[in-house]
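*Asks:* model the structure of this input:
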Amino acid sequence: MPISACCGLWEGTSNINALDAIQRAVGKEGAHHALGNLLAERLEQAARLPATLRQALWQAWQGAAALAEAVAGQARHEAESRRAASALYHASAAILMAWEATRPGVDARRLLLADALLRQRLLPSDPLAGPDDAGEPAACRLLLDTAPLTLEQACAALAPG
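*Replies:* Numbering: from 1, shown residues only. Prediction:
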């Protein structure tokens with residue numbers, strides 16, 4: 001049963017867009033396959049990124065695409081359309097920002113933002129974990145700095161340390 005049939009008005013603008021993206025673009029048109037191909041090409045072009053980050057970004061995309069397919073495939077999952085559409089957006093944006101960071105003349109802060117998006121919106125986290133004792137991560141300090149950031153500096157800031 002669609003959520004709108006049991007829970008009142010659900011379809012605000014954002015939710016209608018999510019329904020359209022998941023039910024029509026993913027479910028009927030399979031548009032996520034073309035997007036996935038483009039994102040895979042971008043990750044291949046971003047060979048200067050750490051392999052572990054490229055792998056994490058691709059796994060996030062695959063998870064988002066699988067969620068979108070599962071939601072699009074069953075009308076009873078309509079209420080999950082916004083979560084699925086958001087996952088597709090976040091995974092796509094993270095991959096594209098990481099790729100952009102490898103382009104000549106581009107400030108590599110995009111890589112730090114891609115990593116933050118991956119960690120904050122796509123990877124699992126413990127909701128009861130306490131604050132990190134290490135203090136403010138180097139990546140956060142670099143995001144706020146005004147000096148241009150090289151890809152090498154961004155990658156070093158993301159390296160486990």
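
*Asks:* C-alpha only now, for contacts and for neighbours.
*Replies:* Noted.

*Asks:* so who does the residue nearest to residue 80 when sequence neighbours are not counted touch?
*Replies:* Closest residue in space to residue 80, ignoring its immediate chain neighbours: residue 71 at 6.4 Å, by CA to CA, 6 or more residues apart in numbering. Listed by CA atoms under 8 Å, 6 or more residues apart in numbering, the contact partners of residue 71 are 22, 77-78, 80-81, 84.

*Asks:* now the helix or strand containing residue 71: how far from the chain's centre is it?
*Replies:* Using DSSP states H and E, residue 71 sits in helix 51-72. Remark: helix 51-72 is offset 8 Å from the chain centroid, using CA atoms, centre = their mean, to the nearest Å.

*Asks:* how about stretch 49-67?
*Replies:* On the basis of CA atoms, centre = their mean, stretch 49-67 is displaced by 9 Å from the centre of the chain it belongs to.

*Asks:* so what touches it?
*Replies:* Taking CA under 8 Å, 6+ apart as the rule, stretch 49-67 contacts 32, 36, 40, 43, 84, 87-88, 91-92, 94-95, 98, 102, 118, 122-123, 155.

*Asks:* where do the helices sit along this structure?
*Replies:* Taking DSSP state H as the test, the helices found in the chain are 3-6, 13-19, 31-45, 51-72, 81-101, 109-117, 138-144, 151-158.

*Asks:* buried residues, the third one. List them.
*Replies:* What that stands for is helix 31-45. Counting neighbours by 16 or more other CA atoms under 10 Å, one finds that the buried residues in helix 31-45 are 32, 36, 39-40, 42-43.

*Asks:* and it, what does it pack onto?
*Replies:* The contact analysis (3 or more CA pairs under 8 Å, 6 or more residues apart in numbering; DSSP states H and E) places helix 31-45 against helix 51-72, helix 81-101.

*Asks:* looking at those helices, which is buried most?
*Replies:* Compared across these, helix 81-101 shows the largest average neighbour count, a mean of 22 (mean count of other CA atoms under 10 Å).

*Asks:* what angle sits between that one and helix 31-45?
*Replies:* Comparing the axes of helix 81-101 and helix 31-45 via axes from the mean of the first three to the mean of the last three CA atoms, to 10 degrees yields an angle of 20 degrees.

*Asks:* same for helix 81-101, what does it pack against?
*Replies:* Looks like helix 81-101 contacts helix 13-19, helix 31-45, helix 51-72, helix 109-117 (3+ CA pairs under 8 Å, 6+ apart).
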